[in-house]
Structure formats: C-alpha cells, structure tokens
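[1] Sequence and predicted model, in that order:
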Amino acid sequence: MLTVNYQILDVRPGHRVLDAGCGAGRHCFEAFRRGSLICGMDYARPEVEKVMYSFVAASEEDRRQGGQWAVLRGDVLSLPFADNLFDRIICAEVLEHLHEDLRAIAELKRVLKPGGRLAVTVPTFFTEAAYGFLSPLYFTNPGGHVRKFMPDELAARLRHLGLKLYAVGHAHAFHSPYWLLRCAFGLPNENHPVPATYRKFLVKTILSPTLSRVEKFLDWVFPKSLIIYAQKP
C-alpha cells in the first residue's frame with residue numbers, strides 16, 4: 001500500500017533513494033523492486049529491525065532487478081548524510097509528528113541533489129480535525145500526531161525553503177472511515193468489533209483491483225493523505 005506515486009516522483013533504476021521515516025518499509029521495498037539504491041531510515045529501532053529482516057528475506061525475483069539496500073536508525077532533524085547525496089527522497093507521514101517541521105524539511109533539501117525530487121505526505125487537515133474532535137487521545141498519545149497541516153500551509157513551507165512544487169496528490173480514502181471508527185469506538189480499543197470488521201475490508205481493498213480503482217476516485221472526495229511533490233533547483 002503506497003502513498004507516494006512512483007511515476008510522479010520518477011523513481012528509476014540506479015537512483016539513490018532515501019525513505020526518511022520509513023516505518024515498516026512499504027516505500028523502501030517498492031524502490032528496491034524498481035532497481036534503486038534505497039536507504040531506509042527511521043527513529044524507532046524496532047521499525048529499522050523489521051525493515052532489515054524483510055530485505056534479508058527478499059525474493060530472488062526482487063533481487064534480480066539490481067536494487068541495493070541499507071537500513072539505519074536516524075533522526076530526520078539531523079540527517080546523517082552528506083549534502084546533495086540522494087536523487088529522490090520520500091518523507092511519508094512524518095512531519096505531523098514533529099514540532100520542528102521546517103528544520104526537517106531543510107535537512108531533506110540539504111541531502112537532496114540539485115534537480116532531485118522529493119515527495120512529502122501528511123494526513124489531511126479535515127480527517128485530522130475529525131479524529132481529534134471524536135477522541136482527545138488522538139493528539140495526546142506519546143509519539144502521536146502533534147500538528148495538522150492545511151495544504152497551502154505545507155506548500156508554503158516547502159517554497160519558503162527554496163523547493164519548487166510540481167504536483168499534488170491524495171491517497172487512502174478507504175482509510176479515512178477506519179480511523180473515524182477507531183476514534184468513535186475508543187482509540188485504544190483497536191479490536192472493537194466495528195473497526196475490526198472494517199479493517200478486514202481494508203485488506204480486501206489492497207488485494208482487489210476494482211476496489212483500488214474505486215478508492216482512487218474517492219481520494220478526491222475524502223482522502224486520508226495529502227502528497228506534495230517538489231524539486232530542488
């Protein structure tokens with residue numbers, strides 16, 4: 001389940017790609033399958049370990065595409081990389097966890113090559129506001145979301161740091177109701193029968209081409225995620 005569109009980001013074989021805040025590695029694996037030199041980085045050690053184990057267990061078919069991988073623990077506020085290193089950078093669902101979002105964007109720009117492309121994704125303002133209204137815990141859980149972004153606000157931050165925006169996208173409409181249900185029936189109670197039943201439907205949407213096409217249409221109605229694509233001059 002990808003948030004970033006790899007055609008719009010233009011990820012190619014041989015590209016050095018950074019997934020800053022890689023989580024479980026969903027974007028890492030797609031870059032690897034496309035023959036990129038992917039570096040997955042996350043602040044949480046358990047996430048880094050899971051991604052590493054998954055790469056070790058990658059199929060021979062995926063390996064034949066020529067991709068290479070590295071995984072490390074790191075902080076997006078102080079990236080452990082040289083300037084102008086990466087051709088492409090993905091920062092998916094990270095900035096909403098940070099108070100110092102401008103500092104993080106500046107770091108991403110620093111390690112991006114001139115002419116390189118960056119994809120930043122955040123939850124939509126509307127869905128975040130709805131979840132916060134239904135459950136005060138949504139913005140008070142340790143390690144959870146600490147801020148909401150209006151689209152023009154995030155765009156202005158990227159432009160302020162000298163990045164040139166070239167595309168906007170939306171994703172994961174079917175996930176918006178899931179988190180509404182989680183908040184309505186008790187955020188800590190993820191196994192409540194109602195959200196648990198809807199979660200089974202989400203699995204079907206990932207595996208069904210028809211439902212995936214329906215979701216792409218609904219992404220313009222009630223998306224869960226906003227994606228902004230930018231380029232470093």
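    Perfect, thanks for sending it. On a predicted model such as this, the values are computed, not experimentally measured, just so you know.
[2] Report the separation between the two terminal residues of stretch 79-93.
    End-to-end distance of stretch 79-93 (CA to CA, to the nearest Å): 17 Å.
[3] Would you mind measuring from the residue of the chain most remote from its centre to residue 138?
    Relative to the centre of the chain, the most outlying C-alpha is that of residue 193, 27.8 Å out, by CA atoms, centre = their mean. From residue 193 across to residue 138, the span is 21 Å (CB to CB, to the nearest Å). Every C-beta, even on glycine, is put in place using the N, C-alpha and C of the backbone.
[4] C-alpha coordinates for the longest strand along the chain, CSV please?
    Using DSSP state E, we find that the single longest strand of the chain is strand 112-123. Only the C-alpha atoms of strand 112-123 are listed here, as CSV (Å, rounded to 0.1, in the frame of the first residue of the first chain):
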residue,chain,number,x,y,z
LEU,A,112,18.8,16.1,-2.0
LYS,A,113,20.8,16.6,-5.2
PRO,A,114,20.2,19.7,-7.3
GLY,A,115,17.4,18.6,-9.7
GLY,A,116,16.4,15.8,-7.3
ARG,A,117,12.8,15.2,-6.4
LEU,A,118,11.1,15.0,-3.0
ALA,A,119,7.7,13.6,-2.0
VAL,A,120,6.2,14.7,1.3
THR,A,121,3.0,13.2,2.6
VAL,A,122,0.9,14.2,5.6
PRO,A,123,-2.6,13.4,6.8
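[5] Nearest residue to the middle of this structure?
    Centroid-nearest residue in the chain: residue 92, 2.0 Å away (criterion: CA atoms, centre = their mean).
[6] got a list of what the nearest residue to that one once chain neighbours are set aside touches?
    Counting by CB to CB, 6 or more residues apart in numbering, residue 121 is the residue found nearest to residue 92 once chain neighbours are left out, at 4.5 Å. Counting by CB atoms under 8 Å, 6 or more residues apart in numbering, residue 121 touches 3, 4, 91, 92, 93, 171, 225, 226, 227, 228.
[7] which of the residues you listed tops the neighbour count?
    Counting neighbours by other CB atoms under 10 Å, residue 4 leads these with 25 neighbours.
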